[in-house]
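Novice: I'd like to go over a predicted model; first the sequence, then the structure.
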Amino acid sequence: MQIKSWLTQRRAAPGLKITKSTSQLRPILNAEQMVIPQHNLKVCNSFDELNIKAEKLLYCDPSHVKCFSKEEQSKFLFVQHILQDGQRALAVIQSVNLHMSKDIADKLAKYKTEALKEYDLKAIKTITARPVVLSDCQQKIKSSDHSQSNEALAGEFDKLLAHAISQDASDIHFRIRGQVCDVSLRVHDEIKRCTYANYDAQFANKMMSAMYNSKGVEGQKDDMFDPRRMQQTIFERIVNQRKYRIRFATHAIESPNIEDVSLGKSYVVVMRILSTDKTSIKSFEDLGYSHAQIKYFNDVLKLPHGGILFSGTTGSGKSTALTTLISNFVRDTAGTKKFYSVESPVEYIIDGVDQLAVHDSVKLSEADITHKFNLTLKQVVRLDPDVIYCNEIRDEGTAKFSQKAIQSGHVFFSTLHAQDAISTIERLCGIGIDRDVVCSLNFLQLIVYQTLVQTLCPSCALSIDDAMNQNIDYMSIRQSLLEVVKTYALPEHMIHNVRIRNVNGCKHCDHSGVNGRTVVAEFLKPNANILQSIRKGDQIGAYRAWRNAGGMTIKEDALIKVFKGKICPYSIEYKIGALDAEIGNELVEQEHLQNILNEAIA
């Protein structure tokens, strides 16, 4: 008997009692529980010594091997691995401290046989290893599985992204509440349900985690995705051989089930789609600026110093316009100027600009973030810049920096929130820059206040008569247009140039009635009269000086496009206000007022 022979030569194994005569050997345990010796076996001390190309774990669910105790289960692994010829085989990795009884050996043999059949494996290899090797093996295989899972989720996201791009969407919105996930797209400033994405909340959460954790740019994200917190990052994807930067932002939302919020089951994620392809940087004409407005931009490119500010609401195209302006500046200076930007986060990659990112983390307080931003801005000055771009004047610190940058002889670009061009100057005074500094000559060179308005589909837009035939209630808008015609001394027949959005659309616009968006803007180049009024706190005087110097309001810029049939008058009322309610017209010289639209439309 093998066991008896072994015991004759070696000391008794645990659990056996040896009498003086080996013939009287009497095991205390049952034969099925007797320990089978494992001496003279090679023991692997590291994962590399296993010498297998591990693919996945088999029987890793405890319920699949419930005939083993929990302790026994921790001491062996069934691993599917790939042989050199590409065939798959089974490796059973046993811990060196596995108490191998006949009972355990029989059960392992049974599972080996089953695994060969169930997974169509070609061979069995049994390996003895130290416990740490089993742990490392599990970790590496699970890590590989996790990586593969992330790649699969990223692949599904890329399909969704490709669909969104094909729809000309600017943003993808995810709304998760409980077990429900709604996906929508922002297309030409309107939210529309995304019929492509039919995800449940569990799948959507896995996708969000995969994109944030494995694709988010390090240094511009937190360690892990947490839907209970406010988080943001940037990651890049390639769709149809074009690179896109995705600006990822999330926030928890309230839910009827209060546990959904605490468990991270009620939140929104918004992803802004930003193309980094050079050809995606549009010209000023493509963005919708007029020839007169483009001349302002071209003059800016000749400046040796001074501030250029864009103001408007979120999503008004400020960053896009600045990208075009700075790209043109880089091109025209032909490498003779040094450009730096400080952004949180970096949205558009601009050739020729060294872009510094400031990470906005949930782990940082608002004071910490402000401190980081201000430290980065201070460092920029030490990097010998000619041109500086700060993506937002957000507080007193960034306002003070903009003052320092301009006064030290740099060209400075930035954005801020204000309700019109004139109030942009007042906003700077209110945020921390001394009024006398703001109102000094050549401190501010140009202010642009703008928004984006939908452009009509030329294939299905309706004339006034068409609108009447379709029973569209246009009488009130027509009356407003007549008031505009009267105020600006326009020929009455120009009303017939106006086009109305066809809400049913056509095949050319995906039945939306619109085919894009265009800029409408007002430009203010501060002169001595405007600055003198601002210094006195006289906004009305500043407005009068601006208007009588040829300043055109954002609404007048929009009206020009209405009378050219490019945008619907209803869009103006939605984005800017009533057509015939231009506050401040009484301050403008009548002759100038009557010429301003005629000259632009002609």
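Specialist: Alright, I've got the coordinates.

Novice: Let me see the mean pLDDT of stretch 356-364.
Specialist: For stretch 356-364, mean pLDDT rounds to 71.

Novice: and what of stretch 154-166?
Specialist: 95.

Novice: Now it: buried residues?
Specialist: 154, 156-157, 160-161, 163-165 (16 or more other Cβ atoms under 10 Å). Where you see a C-beta, it was placed from the backbone N, CA and C, and this is true even at glycine.

Novice: what does stretch 98-117 give?
Specialist: So for stretch 98-117, counting by 16+ other Cβ under 10 Å, buried means 98, 100-104, 108, 111, 115.

Novice: Among the buried residues of stretch 154-166, which lie within strands?
Specialist: Among the buried residues of stretch 154-166, no residue falls in strands (DSSP state E).

Novice: can I get these in CSV with distance to Y348?
Specialist: Putting these into CSV (distance: Cβ to Cβ, whole Å) gives the following:
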residue, distance to Y348
A154, 22
E156, 26
F157, 21
L160, 22
L161, 17
H163, 23
A164, 18
I165, 16
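
Novice: List just the nearest of the residues you listed to M208.
Specialist: Set against M208, the nearest of the buried residues of stretch 154-166 by Cβ to Cβ is F157 (9.2 Å).

Novice: shouldn't the closest one be in contact with M207?
Specialist: Yes - in this structure, F157 is within contact of M207 by Cβ atoms under 8 Å, at 5.8 Å.

Novice: Can you pull the phi/psi pair for I127?
Specialist: I127 adopts backbone torsions of phi -130, psi 140, taken as degrees, to the nearest 10.

Novice: I meant to write T250 there.
Specialist: Main-chain dihedrals, T250, degrees, to the nearest 10: phi -140, psi 160.

Novice: Please report how far L90 lies from K122.
Specialist: Taking Cβ to Cβ, to the nearest Å as the measure, L90 falls 9 Å from K122.

Novice: what's the answer for T333, then?
Specialist: Plainly put, T333 is 66 Å away from K122 if you go by Cβ to Cβ.

Novice: which of those two has more neighbours?
Specialist: Neighbour count, other Cβ atoms under 10 Å: between T333 and K122, T333 has more, with 15 against 11.

Novice: For the more buried one, give me the pLDDT.
Specialist: pLDDT, T333: 93.

Novice: Just the strands from the stretch 251-400 of the chain, written as ranges.
Specialist: 266-275, 306-311, 339-343, 353-357, 387-390 (DSSP state E, counting those that start in this stretch).

Novice: Could you do the stretch 101-250 of the chain as well?
Specialist: So, for the stretch 101-250 of the chain - with DSSP E, counting those that start in this stretch - the strands run 124-129, 169-177, 180-187, 190-193, 231-239, 242-252.

Novice: which of those sits most buried?
Specialist: Ranked by average neighbour count under the criterion mean count of other Cβ atoms under 10 Å, the strands of the stretch 101-250 of the chain are headed by strand 169-177 at a mean of 21.

Novice: Report the rounded mean pLDDT for that one.
Specialist: 95.

Novice: With stretch 241-255 instead?
Specialist: Mean pLDDT, computed over stretch 241-255, is 91.

Novice: Stretch 295-309 now?
Specialist: Rounded mean pLDDT across stretch 295-309 is 94.

Novice: Kind regards, and thank you for your time.
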